[in-house]
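In: With the input below, show me the fold.
(chains A and B)
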Amino acid sequence: NAGVTQTPKFHILKTGQSMTLQCAQDMNHGYLSWYRQDPGMGLRRIHYSVAAGITDKGEVPDGYNVSRSNTEDFPLRLESAAPSQTSVYFCASSTDRSSYEQYFGPGTRLTVT
Amino acid sequence: AQSVTQLDSQVPVFEEAPVELRCNYSSSVSVYLFWYVQYPNQGLQLLLKYLSGSTLVESINGFEAEFNKSQTSFHLRKPSVHISDTAEYFCAVIFTGGGNKLTFGTGTQLKVEL
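Out: Okay, the predicted model is just below:
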């Protein structure tokens, strides 16, 4: 199993451009989350999904959209990027809502200029 | 309010010295506690967890943490660090009743020097 994979690893975006960060897991996990990591702030959850077709907002959802059409994939979309969205983004999965162990992907480092 | 505090943003230590990374939380409900490690340019890896049972938990690479309910703490310790332990360490908490939402501390950068 590859676990949780994320693409791309790095990207530079201009203000106002759109982009989709990809997340895929091959562990048949139902629960997927997106986090952003900023210096001195730890990780904060953006959006999450408990199953295909179901998504919900986390702590910092503004400016981001997600969709979950199947079990494996959970893309994060930035419709109109802003410099405040410069961050490292992590996708994490767990078996279900009651599982307390989450597996993190390697991250995407995004810079918005 | 429920929160997680890691007071030390950086901890420098010499190789083979002991280290303690502090984590405190604020909560009126039961908690599950975790330490994650992030090596340079990598994702987070679960180091150890406390869900129930013995309050002292250990990892496979020599770290241990002890849940102290009265002090609301979950400090991470290692008796003798190695240069390869250089990484950022995050304390994380699940507050019961909130599903499996992880609340992270701000992280502690452990730098092991020769």
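In: And the residue of chain B found nearest chain A, what's its pLDDT?
Out: Closest contact between chain B and chain A, by Cβ to the nearest Cβ, is at residue B:104 (3.7 Å). Every C-beta, even on glycine, is put in place using the N, C-alpha and C of the backbone. Residue B:104 carries a pLDDT value of 93.
In: give me phi/psi at residue 84?
Out: Just so you know, I chose chain A. With angles defined as degrees, to the nearest 10, residue A:84 sits at phi -70, psi -10.
In: Chain B is the one I meant
Out: Taking degrees, to the nearest 10 as the convention, residue B:84 sits at phi -70, psi -10.
In: Pull the contacting residues for the residue nearest to residue A:73 when sequence neighbours are not counted.
Out: Excluding the flanking residues, the one nearest residue A:73 by Cβ to Cβ, 6 or more residues apart in numbering or on different chains is residue A:24, at 5.2 Å. With contact taken as Cβ atoms under 8 Å, 6 or more residues apart in numbering or on different chains, residue A:24 is in contact with A:4-6, A:72-74.
In: What lies in contact with stretch A:73-85?
Out: Contacts for stretch A:73-85 (Cβ under 8 Å, 6+ apart): A:13-25, A:32, A:34, A:46-47, A:49, A:63-68, A:89, A:91, A:110, A:112-113.
In: before we move on, the earlier item: for the residue of chain B closest to chain A, grab the count of nearby residues.
Out: Counted with other Cβ atoms under 10 Å in any protein chain shown, the neighbours of residue B:104 add up to 21.
In: for residue A:4, same thing?
Out: Look at residue A:4: counted by other Cβ under 10 Å, it has 23 neighbours.
In: Now do the contacts for residue B:71.
Out: Applying Cβ under 8 Å, 6+ apart to residue B:71 gives the contacts residue B:24.
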